[in-house]
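A.B. asks: Kindly return the folded structure for what I paste below:
(chains A and B)
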2 protein chains.
Amino acid sequence: MSKHIKSLLLAVSLVSVVPTLQAESNKAEGEYKNWRLISIAHREDNKTMRAILGNHIAIKSAQSGKHKTWQDGTILAKVLWKESRHDKWSQAFVPGEFMRAEAMIKDSKKFAKSGGWGFGHWVNGKLEMHDAETSAKCFGCHVIAKDTDYVFHHAVLY
Amino acid sequence: MSKHIKSLLLAVSLVSVVPTLQAESNKAEGEYKNWRLISIAHREDNKTMRAILGNHIAIKSAQSGKHKTWQDGTILAKVLWKESRHDKWSQAFVPGEFMRAEAMIKDSKKFAKSGGWGFGHWVNGKLEMHDAETSAKCFGCHVIAKDTDYVFHHAVLY
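C.D. replies: Numbering: from 1, shown residues only, chains lettered A, B, ... in the order given. The predicted structure is shown next:
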């Protein structure tokens, strides 16, 4: 194969790959997509919309009214989108571009130093723990919600 | 038992029952509590927060990318709360008092005259269809979303 044809094929393959990657980056990924809803939020300060979802232990915890001390094994997913105005109803804010999904994992022994919670995020659909510095930042913000077990959101369906 | 004691007991029982009823009226009710998330919204005009949930056919429809023509058997639940500011983060809007939960039911034959959708709401946890007048109002508003099968919200997790 000539160098010229190789370059052409490479250019064609890049053209076809790039739009796919862009489209995928606008989608939420990770097992939380199958989880049930804990609550929602719209933040004016950083112009984001959020859905808080919970794994089955979180939902069991919420249903039993124990969401002020979430059970060990709870994982909460905070899914973030940029705020967007609805194209047919401009006074409605709806999720725009997907930004990221972050996790709080309850293990009162393992994460005893940060209120029983570990902090992570989903990377290409897989849950990875944050490094020590980022985790410290997360906990530093959540500490003001100590009286609700460091979770800002209350379960609204249970 | 004297009439006086009976009255006293009745009064005591009412006192203990009333707060329970009030607490329950602030809760979402209905099978949609077990459904998965389609999208969320915050409306400035009527100061409400909303979560759109879908039954398993809705989710299957969304996952297969068919949410521009939702499959027959789809039920979408719109759960509404009054907007509220977070007590620890005033720039965040979160769900306040629960208002109601409304339904869109897809049956392209049964509801052919209203774009294939029937409209209802949950009453004490049970899904009931709206009367003809209310249904006409619902459809009258949703008609501007005809190009997305009369549904204002796009599935954001699939």
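A.B. asks: secondary structure element for A:A101?
C.D. replies: Using DSSP states H and E, A:A101 falls within strand A:89-106.
A.B. asks: Following element in sequence after that strand, please.
C.D. replies: Using DSSP H and E, the helix or strand that follows strand A:89-106 towards the C-terminus is strand A:117-123.
A.B. asks: What mean pLDDT does that following strand get?
C.D. replies: Confidence over strand A:117-123 (mean pLDDT, whole number) is 97.
A.B. asks: and the direction of that strand versus that of strand A:89-106, what angle?
C.D. replies: Angle, strand A:117-123 to strand A:89-106, by axes from the mean of the first three to the mean of the last three C-alpha atoms, to 10 degrees: 120 degrees.
A.B. asks: who's in contact with strand A:117-123?
C.D. replies: By C-beta atoms under 8 Å, 6 or more residues apart in numbering or on different chains, the surrounding residues in contact with strand A:117-123 are A:29-30, A:32, A:77, A:100-107, A:110-111, A:127-130, A:134-135, A:138-139, A:142, A:150. All C-beta atoms are positioned from the backbone trio N, CA, C, and that covers glycine.
A.B. asks: same question, stretch A:50-63
C.D. replies: A:31-32, A:35-43, A:67, A:70-81, A:95, A:153, A:155, A:157-158, B:37, B:40, B:51, B:156.
A.B. asks: Which residue ranges of chain A form strands?
C.D. replies: Taking DSSP state E as the test, the strands found in chain A are A:36-43, A:48-54, A:75-86, A:89-106, A:117-123, A:126-129.
A.B. asks: what residue ranges in chain A are flagged as low confidence?
C.D. replies: A:1-26, A:66-67 (pLDDT under 70).
A.B. asks: What parts of it come near chain B?
C.D. replies: A:27-28, A:33-37, A:39-45, A:49, A:51, A:53, A:79, A:81, A:86, A:88-89, A:91-95, A:98, A:144-145, A:152-154, A:156-158 (C-beta under 8 Å from any C-beta of the partner chain).
A.B. asks: contacting residues around stretch A:127-139?
C.D. replies: Stretch A:127-139 is contacted from outside by A:30-31, A:75, A:102-105, A:114-115, A:117-122, A:150, using C-beta under 8 Å, 6+ apart.
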